[in-house]
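Trainee: what's the 3D shape of this:
(one chain, ligands or ions: 2)
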Amino acid sequence: NKRTKIKVLLSGEQIGQEVTVMGWVRTFRNNQFIALNDGSTNNNIQVVAELGLLGEADLKRITTGASLKVTGEVVASLGKGQAVEVKATAIEILGDSDAEKYPLQPKKHSLEFLREKAHLRFRTNTFGAVFRIRHSLAFAVHQFFNDRGFVYLHTPIITSSDAEGAGEMFRVTTLPLENPPTQEDGSIDFSEDFFGKSTNLTVSGQLEGELGAMAFSEIYTFGPTFRAENSNTTRHLAEFWMIEPEMAFHDIEDNMNLAEAFIQHLIRYAMEHNAEDLAFLDQRLAEEEKSKPQAERSELGLLEKLRFVVENKFERITYTDAINILLESPAYKKKKFKYEVSWGIDLQSEHERYLVEKHFKKPVIVTGYPAAIKAFYMRMNDDGKTVAAMDILAPGIGEIVGGSQREERLEILEKRMSDMHIPAEEMSWYLDTRRFGTVPHAGFGLGFERMVQFVTGMGNIRDVIPFARTPKNCEF
Ligand code: 4AD
Ligand code: MG
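Mentor: Ligands and ions are numbered 1, 2, ... in the order given. Next comes the predicted model:
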């Protein structure tokens with residue numbers, strides 16, 4: 001297979017050579033000019049089919065969406081918009097595409113429309129750019145941790161623990177829905193199940209990750225995570241990917257430094273390796289902004305925003321500072337917030353966005369949250385009421401990272417678990433990390449789709465994951 005990728009062809013190095021290209025037709029003009037795309041870049045190669053090369057019947061079969069194998073000579077292009085084109089000597093139609101039925105027309109479709117056609121949307125410029133960037137970011141995740149000696153630990157997808165203690169889990173069972181076996185008290189008898197106990201899809205690989213950190217010192221996970229929360233927002237998925245590093249001998253300060261460096265590395269990597277796709281999305285976003293009223297337009301373009309985040313330190317404040325800023329804000333005084341503001345509340349997305357978009361205008365790391373609103377494993381601060389938690393809030397996104405220093409002191413952890421009604425007997429394996437050679441340690445979770453949203457500027461999380469899983473949405 002001597003196929004040349006279109007991205008390589010467009011570099012112009014093959015001028016004068018004979019090549020074979022394969023791809024899908026984007027447009028066909030004047031029975032002569034075919035714009036062909038193979039997904040390696042948003043730029044199409046122009047294939048010139050000289051009159052007479054194709055018969056009447058074949059000409060009709062070259063329609064948007066059809067797939068072709070083209071052989072020809074690479075020549076410098078006289079037309080504007082492309083440096084090279086392929087002068088075809090043979091065109092083979094690999095697969096027809098009925099123009100009447102093919103949903104993607106050579107015009108701009110709305111993102112909503114394309115969400116309905118998710119099985120074909122990779123073939124558009126916007127989604128081509130988004131998913132090539134998603135790929136790059138995934139690669140950069142591994143590069144970042146590999147360069148620092150972290151071990152990539154594969155944590156289970158089916159688990160019997162609820163890492164976040166929030167109860168938002170998808171059940172996994174082989175028991176029949178109707179008439180499941182029951183115990184004497186009428187409750188379902190999971191001992192009859194495949195796993196012999198009640199199991200669910202993981203909400204986080206953290207607890208297993210901590211076991212790894214207690215041996216390898218530094219690990220990270222990167223895999224799918226599931227939350228059965230009924231949120232219909234532009235930031236929530238029922239199935240999303242999360243990156244969770246876990247580091248022994250790290251405190252909350254080290255944790256913040258690593259998270260900041262990590263986010264900056266991902267952005268820098270995309271800027272270096274996906275310049276063309278980012279420029280396309282920057283342009284796309286600029287168009288979108290133009291249709292908004294002046295007051296709602298963002299001050300910086302996508303590329304300017306990314307550059308700014310890479311070049312500037314994140315703001316670091318405590319939860320208590322955050323509450324005070326909100327209470328002093330014009331938004332609060334003018335009663336613009338929907339949710340109340342007082343010490344102890346869980347920051348709502350409107351509060352997070354005020355802090356990053358209106359007040360600081362940069363990413364913000366918030367530490368020292370009230371213990372009452374955070375997970376059981378977070379380390380209690382000396383004040384006895386806040387924990388060593390850290391959330392990173394990003395402009396346009398809100399929470400992008402959630403992390404903490406972990407409670408490494410066995411008695412304090414046990415006390416907290418019992419206060420929160422978390423069954424310590426079932427988590428003995430976890431508590432062993434504190435029984436046998438416990439050390440200070442910390443970690444965090446980065447929501448991969450929220451990161452892809454941040455880098456691509458896409459407003460809806462459904463548009464940055466190939467196959468979105470949201471409430472009532474699972475077509476394939
Ligand atoms: O804040 P969360 O729930 O933290 C954890 O799961 C910890 N165990 C992480 C750790 O310390 N190892 O989730 C972490 C991040 C959030 O900041 C957010 O970016 C993302 O995961 N996230 C979601 N992304 C998309 N859809 C959802 N439903 C999400 N829930 C959380
Ligand atoms: Mg969180």
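
Trainee: contacts and neighbour counts: CA atoms only from here.
Mentor: Noted.

Trainee: Look up how far ligand 1 lies from Arg227.
Mentor: 6 Å (Cα to the nearest ligand atom, to the nearest Å).

Trainee: Please apply the same query to Leu285.
Mentor: Leu285 sits at a distance of 22 Å from ligand 1 (criterion: Cα to the nearest ligand atom).

Trainee: Quick one: residues contacting that residue.
Mentor: Residues in contact with Leu285 (Cα atoms under 8 Å, 6 or more residues apart in numbering) are 301-302, 457.

Trainee: ok, and the most crowded of these?
Mentor: When neighbours are taken as other Cα atoms under 10 Å, the top entry among these is Gly457 (24 neighbours).

Trainee: got the contact list for the closest residue to that residue other than its chain neighbours?
Mentor: Of all residues not flanking Gly457 in the chain, Leu302 sits nearest, at 6.4 Å (Cα to Cα, 6 or more residues apart in numbering). By Cα under 8 Å, 6+ apart, Leu302 lies in contact with 281-282, 285, 455-457.

Trainee: Dump these into TSV; add secondary structure, pLDDT and distance to Arg469 as well.
Mentor: Converted to TSV, these look like this (DSSP: H, G, I helix; E, B strand; the rest coil; pLDDT from 0 to 100; distance: Cα to Cα, whole Å):
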residue	secondary structure	pLDDT	distance to Arg469
Leu281	helix	98	24
Asp282	helix	98	27
Leu285	helix	95	25
Val455	helix	98	21
Thr456	helix	98	20
Gly457	coil	97	20
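
Trainee: From Ser136, how far off is Phe145?
Mentor: To Ser136, Phe145 is 15 Å away according to Cα to Cα, to the nearest Å.

Trainee: Let me know the closest of the contacts of Leu302 to Thr27.
Mentor: Nearest to Thr27 among those: Leu281, at 21.3 Å, using Cα to Cα.

Trainee: how about the nearest residue to that closest one, chain neighbours excluded?
Mentor: Thr456 (6.5 Å).

Trainee: do the same with Ala129
Mentor: In space, and not counting its chain neighbours, Ala129 is closest to Asp277: 5.0 Å by Cα to Cα, 6+ apart.

Trainee: May I see the buried residues of the helix or strand containing that neighbour?
Mentor: Counting by DSSP states H and E, the element that carries Asp277 is helix 275-290. Of the residues in helix 275-290, 277-282, 285-286, 289 count as buried by neighbour count, 16 or more other Cα atoms under 10 Å.

Trainee: Next: stretch 447-465.
Mentor: Result for stretch 447-465 [16+ other Cα under 10 Å]: buried residues 447-465.

Trainee: how about it against ligand 1, any contact?
Mentor: Yes - using Cα under 6 Å from any ligand atom, stretch 447-465 reaches ligand 1 at 447, 450.

Trainee: Ser77 touches Val84, doesn't it?
Mentor: Yes - here Ser77 reaches Val84: they are 4.6 Å apart, a contact under Cα atoms under 8 Å.

Trainee: wait, which of the contacts of Leu302 is closest to ligand 1?
Mentor: Of all the contacts of Leu302, Val455 has the smallest distance to ligand 1: 13.5 Å, by Cα to the nearest ligand atom.

Trainee: The residue nearest to that closest one when sequence neighbours are not counted: how many residues sit nearby?
Mentor: Nearest non-adjacent residue to Val455, counting by Cα to Cα, 6+ apart: Ile267, 6.6 Å away. By the criterion of other Cα under 10 Å, Ile267 has 21 neighbours.

Trainee: List the contacts of Ile267.
Mentor: 137, 306, 310, 455.

Trainee: Take those and lay them out in a markdown table including secondary structure and distance to Arg61.
Mentor: Formatted as a markdown table, the contacts of Ile267 follow (DSSP: H, G, I helix; E, B strand; the rest coil; distance: Cα to Cα, whole Å):
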| residue | secondary structure | distance to Arg61 |
| --- | --- | --- |
| Leu137 | helix | 38 |
| Leu306 | helix | 44 |
| Val310 | helix | 48 |
| Val455 | helix | 39 |
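
Trainee: What ranges does the stretch 1-150 of the chain have for its helices?
Mentor: 6-9, 56-61, 111-116, 125-147 (DSSP state H, counting those that start in this stretch).

Trainee: which one of those lies closest to ligand 1?
Mentor: Proximity to ligand 1, assessed across the helices of the stretch 1-150 of the chain by Cα to the nearest ligand atom, is greatest for helix 125-147 (14.6 Å).

Trainee: On the three-state scheme, Arg316 is what?
Mentor: Using DSSP: H, G, I helix; E, B strand; the rest coil, the structure places Arg316 in strand.

Trainee: So for Ser187, which of the helices of the stretch 1-150 of the chain sits nearest?
Mentor: helix 111-116 (40.7 Å).

Trainee: Which positions in the stretch 101-250 of the chain make contact with ligand 1?
Mentor: 204, 206, 227, 235-238, 240, 242, 244.

Trainee: Just those residues: which are in helices?
Mentor: Among these, DSSP state H puts Gln206 in helices.

Trainee: Now intersect the residues of the stretch 101-250 of the chain next to ligand 1 with the strands, please.
Mentor: Taking DSSP state E, the ones among these that sit in strands are 240, 242, 244.

Trainee: Which one of the helices of the stretch 1-150 of the chain lies nearest to Tyr332?
Mentor: helix 111-116 (33.6 Å).

Trainee: any idea of the mean pLDDT in that closest one?
Mentor: For helix 111-116, mean pLDDT rounds to 93.

Trainee: Can you list the buried residues in that helix?
Mentor: For helix 111-116, burial by neighbour count (16+ other Cα under 10 Å) applies to 111, 114.

Trainee: same deal with stretch 318-337?
Mentor: Buried residues in stretch 318-337, counted by 16+ other Cα under 10 Å: 318-320, 322-323, 325-327, 329, 332.

Trainee: Tell me which of the residues you listed fall in strands.
Mentor: Thr318.

Trainee: Looking at the buried residues of stretch 318-337, which is nearest ligand 1?
Mentor: Closest to ligand 1, out of all of the buried residues of stretch 318-337 and judged by Cα to the nearest ligand atom, is Tyr319, at 15.2 Å.

Trainee: Pull up the gap between the closest one and Ala388, please.
Mentor: 11 Å.

Trainee: what residues do those two have in common as contacts?
Mentor: Counting by Cα under 8 Å, 6+ apart, the common neighbours of Tyr319 and Ala388 are 367-369.

Trainee: what sits against the residue sitting furthest away from the middle of the chain?
Mentor: Here the chain reaches farthest from its C-alpha mean at Gly52, the gap being 48.6 Å by Cα atoms, centre = their mean. Applying Cα under 8 Å, 6+ apart to Gly52 gives no contacts.

Trainee: Can I get the buried residues of stretch 318-337 in CSV including distance to Trp24?
Mentor: Below are the buried residues of stretch 318-337 laid out as CSV (distance: Cα to Cα, whole Å):
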residue, distance to Trp24
Thr318, 53
Tyr319, 52
Thr320, 56
Ala322, 52
Ile323, 54
Ile325, 54
Leu326, 52
Leu327, 56
Ser329, 53
Tyr332, 53
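
Trainee: Export the buried residues of stretch 318-337 to CSV and append columns for pLDDT.
Mentor: Listed next are those as CSV, based on pLDDT from 0 to 100:
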residue, pLDDT
Thr318, 98
Tyr319, 98
Thr320, 98
Ala322, 98
Ile323, 98
Ile325, 98
Leu326, 98
Leu327, 97
Ser329, 96
Tyr332, 96
